[in-house]
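Q: Dropping a prediction and its sequence here:
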Amino acid sequence: AKPAVSVLGLGMMGSALAAALLKAGYPITVWNRTAAKTGPLVAQGAAPAADVAEAVEAGELLVLTLTANDAVRELLEPLADRLRGRTIANLTNGTPAQARELAAFAAEHGARYLDGGIMASPQMIAGPHAYIYYSGDQEAFGEYEDTFRVLGGARYVGEDAGRAAVHDFALLIGMYGQGIGTMHAFALAKAVGIPAKEIAEPLRDWLNAMALYIMEEAEALDSGEHLTDVSSLAVNQAALPNLLNTLAGEGVTTEFFQPLERLIDRAVEEGYGADGLSRLPDLLTPRR
Ligand code: NDP
């Protein structure tokens, strides 16, 4: 039989998760702070909980997707003595430290805890490209893996509850970095009167082409062999001021790129001019 799942938090993501579970035939109870948001899911067959306590009572598996983990803690703390025997799958974005704190809180009250990082937009949930990182209680993951697979791929990354957040942020950091580049490309285009659309397609293709080097950089980083036949730090050091001057010349801020310029200058000063970009991650952890 399919386990009873309570979905707490019906924002864009929580609603998508609940809808996917309903569609797959799971008995679902839903709760949201703003009760009106339960409407569409109740119409699809979900049971509305009158309050959080009822939602906790109704589900052996509790899936939470709130804005932030402070809210998760606030929500569950008053119900701590009702958590015994339940499994919490907290898919709310948060830090590794928060995940470990929530895992300890759950353990204290006899509940099992999994922390999750959702690598998907709400529209991708249950589709072929969605997956979720999970970490924490391995037994609980095994028990509910079939349920999790309804939402997309389920990648278990370790007993340390904080691990999923690390994997999640590794990808998000890459994404935001790319986002910073993209917004500057658009700002520059706009500043000189080129429609964003005109650079969007070549930019997408260029980023895809450059993404191929991620694997090579990882290999270089893991092996410590940074000498490159692709693009040296010295040649990047020569080009970067041109990039900053071009931005500045069109009135676009250079403040996001100045730290990169300083980092590459430092790498070359330290004698790594012939190395590739794979040298840089080591320079970002000066305390190691
Ligand atoms: P929304 O803003 O759509 O929803 C936020 C949800 O959190 C709402 O249900 C809201 O309730 C609830 N909430 C916020 N604060 C509290 C509180 N103090 N007490 C109770 N409930 C609260 O956000 P998303 O659904 O997009 O995101 C939810 C989580 O999923 C976030 O951690 C996000 O980082 C993560 N995520 C989202 C992705 C996305 O593409 N959307 C992708 C991957 C992860 P109310 O309706 O009453 O305001």
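A: Good, I have the coordinates.

Q: if I look at the residue of the stretch 1-150 of the chain found nearest the ligand, how far off is Ala18?
A: Residue of the stretch 1-150 of the chain nearest the ligand, by Cβ to the nearest ligand atom: Gly11 (1.8 Å). Any C-beta I mention is one placed from the backbone N, CA and C, and that applies to glycine too. Using Cβ to Cβ, to the nearest Å, Gly11 is found at 11 Å from Ala18.

Q: Between these two, point out the one with more neighbours.
A: The neighbour count for Gly11 versus Ala18, taken as other Cβ atoms under 10 Å, is higher for Ala18 (29 against 15).

Q: Correct me if wrong: Ala58 contacts Val30.
A: No: using Cβ atoms under 8 Å, Ala58 is not in contact with Val30, being 9.5 Å away.

Q: Identify the contacts common to these two.
A: Common contacts of Ala58 and Val30 (Cβ atoms under 8 Å, 6 or more residues apart in numbering): Ser6, Ala47, Ala49.

Q: give me the number of residues near the first one?
A: Think Ser6. With other Cβ under 10 Å as criterion, Ser6 counts 26.

Q: tell me the SS of it?
A: strand (DSSP: H, G, I helix; E, B strand; the rest coil).

Q: Give the closest residue to it in space, chain neighbours not counted.
A: Spatial nearest neighbour of Ser6, chain neighbours left out: Gly59 (2.9 Å); criterion: Cβ to Cβ, 6 or more residues apart in numbering.

Q: ditto for the last one
A: When the adjacent residues along the chain are set aside, Ala49 lies closest to Ala55, with 3.7 Å between them (Cβ to Cβ, 6+ apart).

Q: Would you tell me what the next helix or strand after the host helix or strand of the one you found is?
A: Assigned by DSSP states H and E, Ala55 belongs to helix 52-58. Counting by DSSP H and E, the element after helix 52-58 in chain order, helix or strand, is strand 61-64.

Q: Could you point out the helix or strand that follows that next one?
A: Next element after strand 61-64 (DSSP H and E): helix 69-76.

Q: Settle this for me: Ala53 is touching Ala80, isn't it.
A: No: with contact defined as Cβ under 8 Å, Ala53 does not count as touching Ala80 (11.4 Å).

Q: before we move on, back to that, the more surrounded of Ala58 and Val30?
A: Val30 (32 against 18).

Q: Strand partners (parallel or antiparallel) of the strand or helix carrying that one?
A: Val30 is located in strand 28-31, with elements delineated by DSSP H and E. Sheet pairing of strand 28-31 (DSSP bridges) gives strand 5-8 (parallel), strand 47-48 (parallel).

Q: near the ligand, anything from stretch 66-81?
A: Yes: if you take Cβ under 6 Å from any ligand atom as the test, stretch 66-81 does meet the ligand, through Leu66, Thr67, Ala71, Glu74, Leu75.

Q: ok, and for the longest helix anywhere in the chain, which residues are buried?
A: Once the chain is assigned using DSSP state H, the helix that runs over the most residues is helix 163-191. Buried residues in helix 163-191, defined by neighbour count with 16 or more other Cβ atoms under 10 Å: 163-169, 182, 184-186, 188-189.

Q: With stretch 223-242 instead?
A: In stretch 223-242, counting by 16+ other Cβ under 10 Å, buried: His226, Thr228, Ser232, Leu233, Asn236, Gln237, Leu240.

Q: how many neighbours does Gly158 have?
A: Neighbour tally, Gly158, other Cβ under 10 Å: 15.

Q: And it, its phi and psi?
A: Backbone torsions of Gly158, given as degrees, to the nearest 10, read phi 140, psi 160.

Q: Beta-bridge partners for the closest residue to it other than its chain neighbours, please?
A: Counting by Cβ to Cβ, 6+ apart, Gly158 lies nearest to Ser135, which is 5.1 Å off, once chain neighbours are set aside. Judged by DSSP bridges, the bridge partners of Ser135 are Asp115.
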